[in-house]
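Novice: Based on what follows, work out the 3D shape:
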Amino acid sequence: MTAQRQERNGIRLGCATIWLVALLLAAAPLQSLVAATTERVVVDRYTGLAIDGFDPVAYFTDHEARMGEADHEASSSGAIWRFCNPSNMAAFVANPEIYGPQFGGYDPVGIARGVPVAGDPLVWLVSGQRLFLFAREESRAAFAADPERYLKPARRQWPALQTTLAE
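Specialist: Here you go, the predicted model:
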């Protein structure tokens, strides 16, 4: 093989390596999304925190997403929940089914379509005295316009989807 051909082959190998690394880096966010959507309650796989440490009761009492504190933690449904104060923690412990996000924190629009997509704690809506988290603003807007359009199929899909998610 000539020196010129050897040099071209080396360049090709270098380009292929760069493309492979770029593809792996591009796929990394997708892997974390998949990893985050394998539990019945959306939990950060590194910290064990539900809804990224936001206080689920604050959505109702303060009408905003507020970060909980490490001093006020409770465990429920295989997740660690954080709260802004002891009274929010007590309210949640007494009624986790009311204050916890519906569908385990998965986007109800995705659940209605049969796809568990982790909701974002900053994209939320309290509807019918229940907390819903959404993956995108567009999903929240569609849901807010007609909640029953999504809730009926989501309630039908959820039991089957739960069986595919780990406890």
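Novice: Do a quick rundown of the strands in this structure.
Specialist: For the chain, the strands identified by DSSP state E occupy 69-76, 79-83, 120-127, 130-134, in order along the chain.
Novice: Switch the ones you listed over to TSV; also include mean pLDDT, mean neighbour count and distance to T163.
Specialist: Where C-beta positions appear, they are placed from N, C-alpha and C, glycine not excepted. Formatted as TSV, the entries for the strands of the chain read as follows, by pLDDT from 0 to 100; neighbours: other C-beta atoms under 10 Å; distance: least, C-beta to C-beta, whole Å:
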stretch	mean pLDDT	mean neighbour count	distance to T163
strand 69-76	95	14	20
strand 79-83	96	24	19
strand 120-127	97	17	25
strand 130-134	97	25	21
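Novice: Dump those strands to JSON lines, plus distance to G53.
Specialist: Output for the strands of the chain, formatted as JSON lines (distance: least, C-beta to C-beta, whole Å):
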{"stretch": "strand 69-76", "distance to G53": "8"}
{"stretch": "strand 79-83", "distance to G53": "5"}
{"stretch": "strand 120-127", "distance to G53": "8"}
{"stretch": "strand 130-134", "distance to G53": "13"}
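Novice: closest one to A160 among those strands?
Specialist: With C-beta to C-beta as the measure, strand 130-134 is the member of the strands of the chain nearest A160 (19.5 Å).
Novice: what's the spacing between the most centrally placed residue in the chain and R130?
Specialist: Compute the mean C-alpha point of the chain, and by C-alpha atoms, centre = their mean the closest residue is A118, 2.5 Å away. As judged by C-beta to C-beta, to the nearest Å, A118 and R130 stand 18 Å apart.
Novice: cool, E138 as well?
Specialist: 20 Å.
Novice: and if you look at A65?
Specialist: Taken as C-beta to C-beta, the spacing of A65 relative to R130 amounts to 16 Å.
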